[in-house]
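> what follows is a predicted structure for the sequence shown.
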Amino acid sequence: MDTDTTEKLRRLAFTPMRTQPPNATRPILEQAAKEIEVVDGDKVVHYLWGEGERRILLVHGWAGNAGHLTVLADALARAGCAVVVADLPGHGESEGTESSVIHFARAVEAAHERFGPFHAVVAHSMGAAATTYAMSRGVALKQAVFVNPVSSYTSLWRRSGEVMRVTPEAIGLVRSRAEDWLGVSFDAIEPALAAREFTSGLLVVHDENDPESPITDSEALVAAWGRAELMRVRDLGHTKVLRDEAVVGRVVGFLTAREADEQAPTR
């Protein structure tokens, strides 16, 4: 594969499709206060709900937006939490054309600096991988909740090759070029590898049949994390799970339990 083709595939892999907030959640999104911060030169839009000492950041996934998390945001605000949700770089109303897990993580770090410190982060899909990376870089949390998380870059790149219909050798070249672009080694920042250093509480919610993120990767993440538990669900898909009543109730309960107040912020 020549250099131009490799670069074209890299841009394709890191250019997210912009999606609109679900119609059902727009009224909740419209109730939020809106603030704009500049992260790496681009405007990032933040939505804020609720008041309270317990501050929680919600992080959407690839090709997502804040609207996908508004049911959770509303429930947490009603439970007495101050909630922040960002349209991450290249997504929703925020600026940017290309994005990545590193762009996501920098936005998490910036939100933590501007609106935190956060008691916890609730992250979906790629947002979970970004949160893990941000934690490895010093974002201290008492708790985290990951919903259908991307828990392995190895699996992610394999699926990316299948989606783009290129050979494993070709996707390996694209991955190498992406590492040069981002200045990271994906092997070195594998979520399960970073998780060995974390002692904060973690709840992982994962659909057993999620077509975008295999539950086996989450099982490995939970095993590496230590203070972690896995909630298995079925037939909720990759994003519908974010609006499921039982899942929302479990997440709110996990983040507002009294024992959570006794945990010290940690990675």
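It's in.

> strands of the protein, start to end?
33-39, 42-49, 55-59, 82-86, 120-124, 143-147, 201-207, 228-233 (DSSP state E).

> which residues sit against the second one?
If you take CB atoms under 8 Å, 6 or more residues apart in numbering as the criterion, strand 42-49 is touched by 29, 31-38, 66, 73-74, 76-77, 82-89, 92-96, 107, 110-111, 114-115. C-beta: built from backbone N, CA, C; applies to glycine.

> buried subset of those as a PyMOL selection?
In PyMOL, this line selects whichever of the contacts of strand 42-49 come out buried by 16 or more other CB atoms under 10 Å:
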select buried, resi 29+32+37+66+73+74+76+77+82+83+84+85+86+87+88+89+92+94+95+96+107+110+111+115
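
> re earlier: with distance to Asp244 and mean pLDDT added, can I get the strands of the chain in CSV?
Formatted as CSV, the strands of the chain follow (distance: least, CB to CB, whole Å; pLDDT from 0 to 100):
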stretch, distance to Asp244, mean pLDDT
strand 33-39, 26, 95
strand 42-49, 20, 97
strand 55-59, 15, 98
strand 82-86, 18, 97
strand 120-124, 13, 98
strand 143-147, 10, 98
strand 201-207, 9, 97
strand 228-233, 7, 97
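
> now those strands in a markdown table, with distance to Asp187?
Below are the strands of the chain laid out as a markdown table (distance: least, CB to CB, whole Å):
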| stretch | distance to Asp187 |
| --- | --- |
| strand 33-39 | 26 |
| strand 42-49 | 28 |
| strand 55-59 | 23 |
| strand 82-86 | 28 |
| strand 120-124 | 21 |
| strand 143-147 | 20 |
| strand 201-207 | 22 |
| strand 228-233 | 22 |
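
> do you know which of those lies nearest Arg159?
Relative to Arg159, the nearest member of these by CB to CB is strand 201-207, separated by 15.7 Å.

> for the closest one, packing partners?
Counting contacts by 3 or more CB pairs under 8 Å, 6 or more residues apart in numbering; DSSP states H and E, strand 201-207 is packed against strand 143-147, helix 215-225, strand 228-233, helix 245-256.

> list the buried residues in the last one.
Taking 16+ other CB under 10 Å as the neighbour-count basis, helix 245-256 is seen to contain the buried residues Val247, Val248, Arg250, Val251, Val252, Phe254, Leu255, Thr256.

> what about the third one, distance to Ala75?
The reference is to Arg250. 11 Å (CB to CB, to the nearest Å).

> same check, this time on the first one
In this structure, Val247 lies at 10 Å from Ala75, with CB to CB as the measure.

> picking that back up, now the buried residues of helix 245-256 in a markdown table, with pLDDT and distance to Ala188?
Output for these, formatted as a markdown table (pLDDT from 0 to 100; distance: CB to CB, whole Å):
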| residue | pLDDT | distance to Ala188 |
| --- | --- | --- |
| Val247 | 98 | 32 |
| Val248 | 98 | 35 |
| Arg250 | 97 | 33 |
| Val251 | 98 | 30 |
| Val252 | 98 | 35 |
| Phe254 | 97 | 30 |
| Leu255 | 97 | 30 |
| Thr256 | 93 | 35 |
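
> from these, which two are the most distant?
The widest separation within the buried residues of helix 245-256 (CB to CB) is 15.0 Å, between Val247 and Thr256.

> picking up where we left off before, dump the helices and strands packed on strand 201-207 to TSV, plus distance to Thr167.
TSV is the format used below for these (distance: least, CB to CB, whole Å):
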stretch	distance to Thr167
strand 143-147	31
helix 215-225	23
strand 228-233	34
helix 245-256	38
